[in-house]
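S.K.: show me how the following folds:
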Amino acid sequence: MQTGQVIVVGAGPSGLLLTLLLSQSGIPVTLLEQTSGLDTNTRASHYTPESCFEFDRAGVLDIIRSEGFSPNGVSWRKLDEHKTRLVKLQNPDPTPEEENQLPHRHRMVCLPLHRLGKILEDAVEQQPTATVHYGYKVTDINQAESKAQVTVAISDPNGNPETEVLEADYIVGCDGANSTVRRKLFGEMVYPGFTHDQQIVATNVHYDFSPYGYDDSQFFVHPEHWHMVARIQTDGLYRVTYGEVGGLTYDQLKERQPQKFMDILPGNPTPDKYKLVNFSPYKVHQRCVDKMRVGRFLLAADAAHLCNPFGGLGLTGGIADVGSLYDSLVGIHTGQADESILDIYDTERRRIWHEIINPNSTQNMRRLFTLDADTAVEKDPFLNMLRKIQDGEAPPANPGLMSLRYDMTQHYKAAWRNA
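M.R.: Numbering: from 1, shown residues only. Okay, the predicted model is just below:
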């Protein structure tokens with residue numbers, strides 16, 4: 001059965017990437033976004049091999065690399081006078097001969113999400129089978145045996161609301177943590193999981209870290225002032241994300257920020273020594289839906305699962321969802337698979353969240369405030385493994401490891417797999 005039409009809800013990176021991949025395979029796709037345009041906020045993003053694999057398939061990896069950079073590695077440190085490095089995982093640059101060879105081609109790259117979104121949007125606009133509608137807010141859903149439908153509210157140029165019903169063979173909710181598609185499928189307050197007691201404050205700041213020997217990315221182990229510092233642009237913009245006690249208001253958190261920077265940043269800077277360009281407190285969730293497929297409705301990325309940002313597993317997992325869903329829908333479209341492959345997509349993507357994303361992201365965050373920095377490397381198995389790699393006592397980490405990716409083509413019909 002050919003896939004006649006797919007509707008993707010949400011023009012974040014996952015929705016744009018899925019639209020691009022499907023349309024490149026000749027599948028008609030309509031992308032709906034409730035806002036008037038792409039999110040232009042400078043959010044950090046480090047793209048792992050799983051993400052780079054999908055960007056490569058979509059034909060945008062080279063431009064992402066040209067606009068971004070490959071970080072030189074990530075370290076874990078003590079919050080002492082010298083910001084002592086406990087251990088570092090190196091990310092060496094490949095030689096020119098290795099540059100486009102696997103696994104080096106898919107090595108980590110960093111580029112803020114809003115710039116990635118623009119690259120993907122430009123590529124989608126070149127696809128004749130892709131249509132993008134901004135200002136289309138999904139308000140309801142419905143499905144019959146052969147079609148799925150969304151009701152959308154549209155604002156015309158004069159601001160007058162209109163209502164339209166759109167239908168497709170499949171509708172994919174990539175509409176984020178507050179997904180309307182998910183809430184219409186399961187209920188307003190239904191999102192299994194929990195919320196951490198701690199809050200996180202994400203900031204973007206221009207500050208000169210060069211005198212202090214900082215790496216491109218580092219985590220600090222401390223019971224109160226646990227945090228992360230990562231370079232996110234080549235112009236010296238850094239992401240500083242730090243933990244805070246729960247229950248504080250936005251105004252209280254904003255009032256505490258200058259002292260927090262004095263406590264955690266090298267040089268103990270006052271506000272006149274740095275330029276704060278973004279301040280975003282948020283609660284931290286570990287959640288996953290019970291189903292990523294309900295009939296002809298599918299969920300992916302933050303609409304389907306959430307985790308804390310330490311380690312980038314949420315974004316990477318969402319992009320890996322897109323790759324698996326793309327292969328599933330293309331398999332149906334070309335006759336290489338039947339609709340039952342979507343149930344495998346549901347099962348495998350949730351399994352990966354429960355077995356890999358949730359436990360590892362939780363541990364990534366907890367090790368920062370539960371460990372004693374003086375004994376962290378000896379007591380934490382992960383940091384101890386990194387020390388052995390660093391000291392040459394264990395083989396280096398595989399830069400092409402893709403633990404969050406799942407190849408759906410292995411479930412194509414045998415006649416196609418063996419062709």
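S.K.: number of nearby residues for the nearest residue to Tyr47 once chain neighbours are set aside?
M.R.: With CB to CB, 6 or more residues apart in numbering as the criterion, Tyr47 has its nearest non-adjacent residue at 5.2 Å, and that residue is Val109. The way it works is simple: take the backbone N, C-alpha and C, and place the C-beta from them, glycine included. If you count neighbours by other CB atoms under 10 Å, Val109 ends up with 23.
S.K.: mind listing what Val109 touches?
M.R.: Going by CB atoms under 8 Å, 6 or more residues apart in numbering, Val109 touches His46, Tyr47, Cys52, Ile64, Arg65, Gly68, Phe69, Ser70.
S.K.: separation between it and Ser361?
M.R.: From Val109 over to Ser361 the distance is 20 Å, taken as CB to CB, to the nearest Å.
S.K.: next one: Pro309
M.R.: 8 Å.
S.K.: of those two, who's got more company?
M.R.: Ranked by neighbour count (other CB under 10 Å), Pro309 and Ser361 place Ser361 first, with 23 against 20.
S.K.: and stretch 160-178, end to end?
M.R.: 25 Å (CA to CA, to the nearest Å).
S.K.: to clarify, my last question referred to stretch 377-396.
M.R.: 17 Å.
S.K.: pull the distance from that stretch to the chain's centre.
M.R.: Stretch 377-396 sits 27 Å away from the centroid of its parent chain (CA atoms, centre = their mean, to the nearest Å).
S.K.: one more: stretch 355-365?
M.R.: Relative to the chain's own centre, stretch 355-365 is displaced by 14 Å; criterion: CA atoms, centre = their mean.
S.K.: same check, this time on stretch 231-243
M.R.: Centre-to-centre, stretch 231-243 and its host chain are 17 Å apart (CA atoms, centre = their mean).
S.K.: what does stretch 307-314 give?
M.R.: Worked out by CA atoms, centre = their mean, stretch 307-314 lies 8 Å from the chain centre.
S.K.: mean confidence score for it?
M.R.: The pLDDT scores in stretch 307-314 average 93.
S.K.: who's in contact with that stretch?
M.R.: 45-46, 48, 196, 200, 202, 219, 228, 241, 284-286, 302, 305-306, 317, 353, 356-358, 360-362, 364-365, 368, 404.
S.K.: if you set the cut-off to 6 Å instead, what comes out?
M.R.: With contacts defined as CB atoms under 6 Å, 6 or more residues apart in numbering, stretch 307-314 is touched by His46, Val284, Gln286, Ile357, Ser361, Asn364, Met365.
S.K.: can you tell me how far Ile200 sits from Arg77?
M.R.: Looking at Ile200 against Arg77, where the rule is CB to CB, the gap reads 18 Å.
S.K.: can you check Arg85 too?
M.R.: Look at Arg85 and Arg77: by CB to CB, they are 5 Å apart.
S.K.: neighbour count winner among those two?
M.R.: Using other CB under 10 Å as the criterion, Arg85 and Arg77 rank with Arg77 on top: 21 against 15.
S.K.: strands paired with the helix or strand that contains that one, and their directions?
M.R.: Following DSSP states H and E, one finds Arg77 within strand 73-78. Applying DSSP bridges, strand 73-78 is found paired with strand 85-90 (antiparallel), strand 217-221 (parallel).
S.K.: most tightly packed of the ones you listed?
M.R.: Of the strands paired with strand 73-78, the one with the most neighbours on average (mean count of other CB atoms under 10 Å) is strand 217-221, at a mean of 23.
S.K.: pLDDT of that one, averaged?
M.R.: 97.
S.K.: can I get the CA coordinates of that strand in CSV?
M.R.: Backbone C-alpha positions of strand 217-221 (Å, rounded to 0.1, in the frame of the first residue of the first chain) are rendered in CSV as follows:
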residue,chain,number,x,y,z
SER,A,217,32.3,21.0,27.3
GLN,A,218,32.6,20.2,31.0
PHE,A,219,30.4,19.1,33.9
PHE,A,220,31.1,20.1,37.5
VAL,A,221,30.5,17.8,40.4
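S.K.: returning to what we had before: just put the contacts of stretch 307-314 in JSON lines and tack on distance to Gln90, secondary structure and pLDDT.
M.R.: Shown next, in JSON lines, are those (distance: CB to CB, whole Å; DSSP: H, G, I helix; E, B strand; the rest coil; pLDDT from 0 to 100):
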{"residue": "His46", "distance to Gln90": "15", "secondary structure": "strand", "pLDDT": "91"}
{"residue": "Val284", "distance to Gln90": "29", "secondary structure": "strand", "pLDDT": "93"}
{"residue": "Gln286", "distance to Gln90": "30", "secondary structure": "strand", "pLDDT": "97"}
{"residue": "Ile357", "distance to Gln90": "24", "secondary structure": "helix", "pLDDT": "97"}
{"residue": "Ser361", "distance to Gln90": "22", "secondary structure": "helix", "pLDDT": "96"}
{"residue": "Asn364", "distance to Gln90": "19", "secondary structure": "helix", "pLDDT": "96"}
{"residue": "Met365", "distance to Gln90": "23", "secondary structure": "helix", "pLDDT": "97"}
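S.K.: all helices for the stretch 251-400 of the chain, in order.
M.R.: Applying DSSP state H, counting those that start in this stretch to the stretch 251-400 of the chain gives helices spanning 313-334, 341-352, 358-370, 376-379, 381-390.
S.K.: I'd like to check the angle between the longest one and helix 341-352, please.
M.R.: Counting by axes from the mean of the first three to the mean of the last three CA atoms, to 10 degrees, helix 313-334 lies at 170 degrees to helix 341-352.
S.K.: quick one: helix 313-334 to chain centroid distance?
M.R.: Relative to the centre of its chain, helix 313-334 is centred 13 Å away, using CA atoms, centre = their mean.
S.K.: can you point out the buried residues in that helix?
M.R.: 313-333 (16 or more other CB atoms under 10 Å).
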